[in-house]
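A.B. asks: 3D, please:
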Amino acid sequence: MSLSSPGATTVYAARKILTMNPARPEATHVAVRDGRILGVGALADLAGWGPATLDERFAGQVLMPGLVEGHSHLMAGTFWRYTYCGRFDVRDPDGRTWPGAGSLDAVVAALVRAAAAAGGDAPIVGWGFDPIYFGSRRCTREDLDRVSTTRPVGVMHASGHILNVNTVALQRAGFLRAGIDHPAFPLGADGLPTGELKGPEAMLPVLDHVGLNRSFLSGDEFGIRAFGKLCVRAGVTTATDLAATLADDEVATLLSITAEDAYPVRIVPLLRFIGMKPSEAVDRAVALRARSSQQLRLGRIKVVADGSIQGFSARLRWPGYYNGAPNGLWYTAPEAMREVYTLGLARGVQVHTHTNGDEATEAVLDAFEQALRSSPSRDHRYTLQHCQLADAAQYRRMQALGLSVNLFANHHFYWGDQHHETTVGPERAERMNACRTAMDSGVPFAIHSDAPITPIGPLFTAWCAVHRRTVSGRVLGAHECIGVADALRAITLGAAYTLGLDGEVGSIECGKRADFCVLDDDPTAIDPERLKDLPVWGTVQGGRVFAAG
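C.D. replies: Numbering: from 1, shown residues only. Predicted coordinates for the structure are as follows:
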């Protein structure tokens, strides 16, 4: 990391600068002073700003606006305390690649090794697990009892919406008993919970017993710092935390760490609407907004309407799941959503809402339409997150209501085959994460990773939106593919717009923050197939240079 002296002007030279500003789309030099952009153009265009230091370290590279991850979680850093149990290889904050687990037995074996290495009687925690890759077989408490029968074991699903635990964990939480009748607690042949816990009602009471206290959602010091490393490797300079609890001590930690000269990313946490009244959530968001800093932007709310599609906890309209699974869960009642929208609009508090299933999306549109009548607002930037199964009629409603959408483009690669064959079937799978329909309908849109659900990497996310290709190579809805230029806009200005930050970040132009992604090649000139593999040198964030290493 390197810093410039206050008041000094540095002019960075590059092979090419992609500005995302249509008035001057390309350049070769950008002038920076006090963390902001003075100007961009040819070197001669910048001479009028006075004496400057010419920095040619990027002369052979390409600059584009710092990438904006509009849906991620600080726990993408925190989870590296624990055992990775995902299906695909993944790279950690220090650049080491961890192999994926190709079977349930491989997951159990990884946890057994972790238990042996840890010793003692502390809980064993895994993350990234997703049994949909292993056929119809579900993980049970007996499977995790193979790891330990004396210490709690918990494995978080990749979606973040399901937790599997062993018998000890169920016992300590008071859930190993007959008579539980709730869809969040699947039961075995013995009438007892299987150990699969769906949604916050079932998961939250067990987290402490498996060593995952609720603060992991907002990240601890280890997680916040690890997340920063992940962002630099991905070219990200602004990132969200969309499951934040934001207790006072957590906010103090975030303010302290993000204020450090060496911390490389602007964090935008959204207060999770759970366990409080709508009025309390809006009051808390307003109070948090007053504590914002340049590097920590507070004062927004996240509502979660339903669960995950591949976890069969999303709410789908008729005819429901392709394999006949029961419909999913409502996480937040429509009445509560309507109230938080109404109060938020009235007080200028932006709300983002997680919807996966199309029934959940319909409920959110209904609630928001009613709220907007009560609290009219011209530029609210309310955004639907994921919104994976929305159809064309729902996009037309979004446009009429002034809503934005942030689509989970990575889903096509990681779960597209499962959606095609198991969850929603071929027809609906081809309309998922409909970037082209959003564009054609005039709905502002971004695309995201939802890290740690999938690894943070906006260039990979852009590749997914351009190609819509699954792991097996199937193109899932070619009519919804978008071009490279549109995908790059979605991971810069598009994401910035959904956060109300497009006046500060997302393009390289005079007055904006000096946030750049430094690339080894030009994403607009290479074969689009290479987009996901384009090397990221590092970032410039607020005028500070960070090498990925």
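
A.B. asks: show me what contacts the nearest residue to residue 455 once chain neighbours are set aside?
C.D. replies: Distances taken as CB to CB, 6 or more residues apart in numbering place residue 90 nearest to residue 455, at 5.5 Å, with adjacent residues excluded. For the C-beta atoms, the positions are set from N, CA and C on the backbone; glycine is no exception. Residue 90 makes contact with 84, 97, 98, 100, 128, 455, according to CB atoms under 8 Å, 6 or more residues apart in numbering.

A.B. asks: neighbour count, secondary structure and pLDDT added to the residues you listed, as a markdown table?
C.D. replies: A markdown table is the format used below for those (neighbours: other CB atoms under 10 Å; DSSP: H, G, I helix; E, B strand; the rest coil; pLDDT from 0 to 100):
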| residue | neighbour count | secondary structure | pLDDT |
| --- | --- | --- | --- |
| 84 | 22 | strand | 97 |
| 97 | 9 | strand | 96 |
| 98 | 17 | strand | 96 |
| 100 | 16 | coil | 96 |
| 128 | 27 | strand | 96 |
| 455 | 23 | coil | 97 |
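
A.B. asks: show me what the residue nearest to residue 455 is bridged to.
C.D. replies: Taking DSSP bridges as the rule, residue 90 bridges to residue 98.

A.B. asks: strands of the stretch 101-250 of the chain, start to end?
C.D. replies: Under the criterion DSSP state E, counting those that start in this stretch, strands of the stretch 101-250 of the chain are mapped to 124-129, 153-157, 162-165, 196-198, 236-244.

A.B. asks: what is the neighbour count of the nearest residue to residue 211 once chain neighbours are set aside?
C.D. replies: Leaving aside its sequence neighbours, residue 211 sits nearest to residue 123 (CB to CB, 6+ apart; 3.6 Å). A total of 22 residues lie near residue 123 under the criterion other CB atoms under 10 Å.

A.B. asks: with residue 9 instead?
C.D. replies: Neighbours around residue 9, by other CB under 10 Å: 18.

A.B. asks: what do you get for residue 122?
C.D. replies: Residue 122 has 11 nearby residues by other CB under 10 Å.

A.B. asks: then the one 3 residues further on?
C.D. replies: Using other CB under 10 Å, the number of residues around residue 125 comes to 24.

A.B. asks: what do you get for residue 144?
C.D. replies: Residues contacting residue 144 under the criterion other CB under 10 Å number 28.

A.B. asks: low-confidence regions, the chain specifically.
C.D. replies: For the chain, residues meeting the criterion pLDDT under 70 lie at 1, 213-219.

A.B. asks: residues contacting residue 424?
C.D. replies: 309, 316, 321, 322, 389, 432.

A.B. asks: all helices for the stretch 351-500 of the chain, in order.
C.D. replies: For the stretch 351-500 of the chain, the helices defined by DSSP state H, counting those that start in this stretch occupy 358-374, 392-401, 411-418, 425-429, 435-441, 458-467, 484-489, 495-498.

A.B. asks: please save the CA atoms from the fifth one in CSV.
C.D. replies: Extracted in CSV, the C-alpha atoms of helix 435-441 (Å, rounded to 0.1, in the frame of the first residue of the first chain):
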residue,chain,number,x,y,z
CYS,A,435,-30.5,-9.1,-17.1
ARG,A,436,-31.7,-8.5,-20.7
THR,A,437,-35.3,-8.2,-19.5
ALA,A,438,-34.3,-5.7,-16.9
MET,A,439,-32.5,-3.6,-19.5
ASP,A,440,-35.4,-3.8,-22.0
SER,A,441,-37.9,-2.9,-19.3
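
A.B. asks: how about it, which residues are buried there?
C.D. replies: Buried residues in helix 435-441, counted by 16 or more other CB atoms under 10 Å: 435, 436, 437, 438, 439, 441.

A.B. asks: just put those residues in JSON lines and tack on distance to residue 409.
C.D. replies: Formatted as JSON lines, the buried residues of helix 435-441 follow (distance: CB to CB, whole Å):
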{"residue": "435", "distance to residue 409": "7"}
{"residue": "436", "distance to residue 409": "12"}
{"residue": "437", "distance to residue 409": "13"}
{"residue": "438", "distance to residue 409": "11"}
{"residue": "439", "distance to residue 409": "13"}
{"residue": "441", "distance to residue 409": "17"}
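
A.B. asks: ok, back up a step: in a markdown table: the strands of the stretch 101-250 of the chain, plus distance to residue 68.
C.D. replies: Below are the strands of the stretch 101-250 of the chain laid out as a markdown table (distance: least, CB to CB, whole Å):
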| stretch | distance to residue 68 |
| --- | --- |
| strand 124-129 | 24 |
| strand 153-157 | 26 |
| strand 162-165 | 29 |
| strand 196-198 | 31 |
| strand 236-244 | 5 |
